[in-house]
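In: for reference, the sequence and a predicted model appear below.
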Amino acid sequence: VLASDIDLLHPPAEFEKSKHKLKRLVQSPNSFFMDVKCQGCFNITTVFSHSQTVVLCGSCSAVLCQPTGGRARLTEGGSFRRKGD
């Protein structure tokens, strides 16, 4: 897509998402809170998407996610749901 072919007042959503968080038409963060379900006990825990510490399950102490340089990586087989907007 050429820069001259884009409607500046109504840009496509995928084009806006690829931009830096401060360069978008309306500034919005890349991070979010999510509900993560534990594989062992099916307990739901709220986790920040860019968590910088290891998050453990409150009841069975299983590891829910590992920190990386940016977003936290969920454990293998883990499922999550993005919290409300």
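Out: Thanks, I have it.

In: what's the burial count for the nearest residue to residue 57 once chain neighbours are set aside?
Out: Spatial nearest neighbour of residue 57, excluding adjacent residues (C-beta to C-beta, 6 or more residues apart in numbering): residue 38 at 4.3 Å. (Glycine included, C-beta is placed from N, CA and C.) When counting by other C-beta atoms under 10 Å, one arrives at 21 neighbours for residue 38.

In: check residue 36 too.
Out: 21.

In: any regions of the protein where pLDDT drops low?
Out: 1-4, 85 (pLDDT under 70).

In: ok, now which ones touch the residue positioned nearest the centre of it?
Out: The chain has residue 49 as the residue nearest its centroid, 4.4 Å off, counting by C-alpha atoms, centre = their mean. Residues in contact with residue 49 (C-beta atoms under 8 Å, 6 or more residues apart in numbering) are 31, 32, 33, 34, 71, 72.

In: tell me the one among those nearest to residue 81.
Out: Taking C-beta to C-beta as the measure, residue 81 sits nearest to residue 34 out of the contacts of residue 49, at 6.3 Å.

In: what sits against the closest residue to that closest one other than its chain neighbours?
Out: Leaving out its chain neighbours, the residue that sits closest to residue 34 by C-beta to C-beta, 6+ apart is residue 80, at 4.5 Å. Neighbouring residues of residue 80 by C-beta under 8 Å, 6+ apart: 34, 35, 36, 37, 47, 74.

In: just among the residues you listed, which is most surrounded?
Out: Going by other C-beta under 10 Å, residue 36 tops those with 21 neighbours.

In: what helix or strand does it sit in?
Out: Applying DSSP states H and E as the criterion places residue 36 in strand 33-37.

In: what's the following helix or strand after that strand?
Out: Using DSSP H and E, the first helix or strand after strand 33-37 is strand 44-48.

In: any buried residues in that following strand, and which?
Out: Buried residues in strand 44-48, defined by neighbour count with 16 or more other C-beta atoms under 10 Å: 45, 47, 48.
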